[in-house]
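1. give me a model of this one.
(one chain, ligands or ions: 1)
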Amino acid sequence: MELIRLQKFLAENGIASRRKCEEYIIDGRVKVNGKTVELGFKVDPEKDEVEFDGKIIRQEKKEFTYILLNKPIGVVTSADDQFDRETVLDLVKVKTRVVPVGRLDMYTSGALILTDDGDFVYKVTHPKHEINKTYTVTLVGIVSNEDVEKLRRGVEIDDGYLTKPAKARILKIDEQKKISRVEITIHEGKNRQVRKMCEAIGKKVIALHRAKIGNLGVKDLKLGTWRYMTQKEVEEILK
Ligand code: URA
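-> Next up is the predicted model:
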């Protein structure tokens, strides 16, 4: 349940500007659950019945846009780059003002959600939400089972911060090229966390790709391309 100011509710549902709606409330033209209320009153748009001049005002259902992008490397996640580099918004051209949900480093590729739903951004990026993010990381050298165990248990990054227990498994070891590929699933979002975790086990990162956010993967999307998310996928992320 989220309470919002009555004048905001009225304005969002097309009665008039917020200022004008304040006047209507003061003039006694607005009722909530059958009673005239004063300025400052807050309503639950889903439960309360709001009337203006005797007519019931219903909450309009907002249509938001949710996009899944497979970000290529070399593109920055910010909405507007101070150095004029290519941003994810140059790749996703839609009419509404979408913003990235969280971020990926310039040299990390993979799954990134963009939306114009501020509430979704807030919920999904809040640490308490703990959404799993699955990365595929290519490393110089041969990764041992012991290394993977350390990644699972937690390693020290950033002045003693111990990363939370993670999932980690070896996907491939190339003895000839002396490189390893590891899958790491974390539910935190510290700055450059996966790179730092790999540094903490003494390994250099060659490539980092976010394969999945929750269960939402990008293997069917070519790098640099995007698609709209389904309602089911949006709900799944918010669960
Ligand atoms: N961890 C990193 O190191 N970089 C990213 O972009 C995401 C997670």
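2. ok, which stretches of this structure are helices?
-> 6-12, 18-26, 88-91, 118-125, 145-153, 193-200, 231-238 (DSSP state H).
3. from the contact counts, what lies against the third one?
-> In terms of contacts (3 or more Cβ pairs under 8 Å, 6 or more residues apart in numbering; DSSP states H and E), helix 88-91 is packed against strand 66-71, strand 108-115. In short, each C-beta sits where N, CA and C put it, glycine included.
4. mean pLDDT and distance to residue 207 for those - can I get that in a markdown table?
-> Output for the helices and strands packed on helix 88-91, formatted as a markdown table (pLDDT from 0 to 100; distance: least, Cβ to Cβ, whole Å):
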| stretch | mean pLDDT | distance to residue 207 |
| --- | --- | --- |
| strand 66-71 | 97 | 13 |
| strand 108-115 | 97 | 8 |
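5. could I get those strands as JSON lines with mean neighbour count and distance to residue 204?
-> Converted to JSON lines, those look like this (neighbours: other Cβ atoms under 10 Å; distance: least, Cβ to Cβ, whole Å):
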{"stretch": "strand 66-71", "mean neighbour count": "23", "distance to residue 204": "22"}
{"stretch": "strand 108-115", "mean neighbour count": "23", "distance to residue 204": "15"}
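6. output the helices of the chain as CSV; include the columns mean pLDDT and mean neighbour count.
-> As requested, the helices of the chain are exported to CSV (pLDDT from 0 to 100; neighbours: other Cβ atoms under 10 Å):
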stretch, mean pLDDT, mean neighbour count
helix 6-12, 90, 20
helix 18-26, 94, 16
helix 88-91, 95, 19
helix 118-125, 88, 15
helix 145-153, 98, 16
helix 193-200, 97, 20
helix 231-238, 93, 14
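7. residues from the chain in reach of the ligand?
-> When proximity is defined as Cβ under 6 Å from any ligand atom, the chain approaches the ligand at 104, 105, 108, 192, 193, 194, 195, 208.
8. distance-wise, check the residue nearest in space to the middle of the chain relative to the ligand.
-> Centroid check for the chain by Cα atoms, centre = their mean gives residue 101 as the closest residue, at 3.1 Å. Residue 101 sits 13 Å away from the ligand, going by Cβ to the nearest ligand atom, to the nearest Å.
9. leaving out chain neighbours, which residue sits closest to that residue?
-> residue 113 (4.2 Å; Cβ to Cβ, 6 or more residues apart in numbering).
10. if I pick the residue of the chain most remote from its centre, what's in contact with it?
-> What lies farthest from the middle of the chain is residue 27; by Cα atoms, centre = their mean that is 41.9 Å. Residues counted as contacts of residue 27 (Cβ atoms under 8 Å, 6 or more residues apart in numbering): none.
11. where in the chain is pLDDT low?
-> For the chain, the stretches flagged by pLDDT under 70 are 1.
12. tell me the domain ranges of it?
-> 4-57, 66-128+216-238, 132-213 (automatic domain parsing).
13. great, nothing more from me.
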